[in-house]
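Asks: A structural model of the following input is requested.
(one chain, ligands or ions: 1)
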Amino acid sequence: MKMDNREDLRLFSRSELEIRLSDSGIEKYRAGQIIKWLSRHADSFSQMTDLSKPLREKLEQDFYISAPKSVERFCSKLDSTRKYLFTFESGDCVESVLLEYNHGFSVCLSTQAGCKMGCRFCASSGLGFSRDLTSAEILLQMEYITRDMLETDPDFRIGHLVLMGIGEPLDNYDNVIRFLKLANSPDLFNIGYRNMSLSTCGLVPQIRRLAEEELPITLSVSLHAPNDKLRSSLMPVNKTYPLSKLIPECREYIKKTGRRISFEYALIGGVNDTPECARELAQLLKGMLCHVNLINVNETKSNNFSKSSKEARLLFTNELTKCKINVTSRRTLGADIDAACGQLRRKKLEGAE
Ligand code: SF4
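Replies: Numbers count the residues shown, from 1 in each chain. Purely as a prediction, here's the structure:
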């Protein structure tokens with residue numbers, strides 16, 4: 001968030017900072033030095049010891065380095081999952097998760113404080129929307145997770161990132177695209193676009209816009225139902241962008257980008273997990289370069305949903321496989337620390353009421 005008239009240093013790429021510094025009469029090459037300090041996790045100008053004191057004072061007049069007001073950490077006892085609750089000066093809070101897989105560490109980040117979309121199965125629903133996060137505030141989540149991990153693991157590095165935390169990323173389009181570019185920057189986190197995933201509940205115009213960006217990220221579309229009646233009852237966004245608009249747009253996205261889409265499907269016992277639903281889903285996705293990722297629904301206080309039984313899950317998977325749809329199942333990690341999106345924030349906000 002912007003404080004007084006100064007600008008957040010974390011918002012700039014190296015080339016942008018070069019231009020901005022020369023506007024202030026500062027040599028361009030200083031941008032490289034400053035970005036290097038940021039990549040080494042500096043959070044104050046006084047740490048930038050290869051810059052002269054007068055230069056640091058001048059920088060401080062024009063810029064600041066954003067930081068959260070507090071960061072709370074929750075470590076799972078069941079696996080290496082860590083969850084972080086970030087509170088900003090504005091009082092808004094968001095959460096992020098660090099997950100360890102065979103291929104390395106992955107972070108799941110929030111893009112908005114709250115969400116407007118109102119999906120019934122989501123812990124963020126019903127808490128309203130506060131504001132969009134800036135690209136710097138999305139980046140900060142990675143920054144503080146990295147700092148925390150470096151304390152015990154000097155080789156720690158984030159390999160993958162997913163935008164699947166609080167908020168609808170495509171509803172905060174410009175900040176999210178800027179963030180992806182910053183995270184990809186070799187000067188900062190240097191994460192390849194192919195190791196980034198963005199999850200959307202299905203905002204059709206923004207999916208079309210994303211296809212034009214030429215960013216080879218993975219697009220995940222939260223589907224959760226194979227027909228409009230059921231989907232609209234779970235996800236209000238479906239009334240604006242029904243499957244008859246969403247699925248053709250996804251086909252177009254694949255055609256334009258050549259990238260496979262991942263469809264997220266949270267199995268809810270007795271609601272969307274029948275073999276009929278699986279067959280309807282297979283029909284909907286027929287011939288698409290895609291895969292279906294089955295997840296467990298979050299059982300939260302705000303919904304009365306329960307997970308599918310093992311048998312129902314197996315039947316559902318088998319039906320999809322029979323219909324030649326690629327299907328994977330996501331493991332549940334960090335079950336003891338409310339690792340599902342939005343649960344920590346909900347607890348904090350409800351506790352504050
Ligand atoms: S699932 Fe995502 S889009 Fe839906 S309400 Fe939750 S945060 Fe928003």
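Asks: how much space between Tyr101 and Cys108?
Replies: Tyr101 sits 12 Å away from Cys108, going by CB to CB, to the nearest Å. Heads up, the C-betas are built off the backbone N, CA and C, glycines and all.
Asks: scratch that, Arg157
Replies: Distance, Arg157 to Cys108, by CB to CB: 16 Å.
Asks: before we move on, what about Ala278?
Replies: Ala278 is 27 Å from Cys108, by CB to CB.
Asks: Have a look at the two and say which one is more surrounded.
Replies: Under the criterion of other CB atoms under 10 Å, the comparison of Ala278 against Cys108 puts Ala278 first, with 28 against 22.
Asks: In this structure the more buried one contacts Leu314, no?
Replies: No: the criterion here is CB atoms under 8 Å, and Ala278 misses it with Leu314 at 10.9 Å.
Asks: Would the longest strand along the chain count as contacting the ligand?
Replies: Assignment by DSSP state E gives strand 93-101 as the longest strand of the chain. No: under the criterion of CB under 6 Å from any ligand atom, the ligand is not reached by strand 93-101; the shortest gap measures 10.6 Å.
Asks: so where do the strands sit in this structure?
Replies: 7-8, 63-64, 70-75, 82-87, 93-101, 104-108, 112-114, 129-132, 158-163, 196-200, 218-222, 261-267, 290-296, 326-329.
Asks: could you redo those strands as TSV and give each row mean pLDDT?
Replies: TSV is the format used below for these (pLDDT from 0 to 100):
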stretch	mean pLDDT
strand 7-8	93
strand 63-64	94
strand 70-75	94
strand 82-87	95
strand 93-101	94
strand 104-108	96
strand 112-114	96
strand 129-132	96
strand 158-163	96
strand 196-200	97
strand 218-222	97
strand 261-267	96
strand 290-296	95
strand 326-329	93
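Asks: I'd like these written out as JSON lines, with distance to Gln343 added.
Replies: Below are the strands of the chain laid out as JSON lines (distance: least, CB to CB, whole Å):
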{"stretch": "strand 7-8", "distance to Gln343": "29"}
{"stretch": "strand 63-64", "distance to Gln343": "32"}
{"stretch": "strand 70-75", "distance to Gln343": "10"}
{"stretch": "strand 82-87", "distance to Gln343": "9"}
{"stretch": "strand 93-101", "distance to Gln343": "8"}
{"stretch": "strand 104-108", "distance to Gln343": "13"}
{"stretch": "strand 112-114", "distance to Gln343": "14"}
{"stretch": "strand 129-132", "distance to Gln343": "17"}
{"stretch": "strand 158-163", "distance to Gln343": "17"}
{"stretch": "strand 196-200", "distance to Gln343": "17"}
{"stretch": "strand 218-222", "distance to Gln343": "17"}
{"stretch": "strand 261-267", "distance to Gln343": "15"}
{"stretch": "strand 290-296", "distance to Gln343": "13"}
{"stretch": "strand 326-329", "distance to Gln343": "21"}
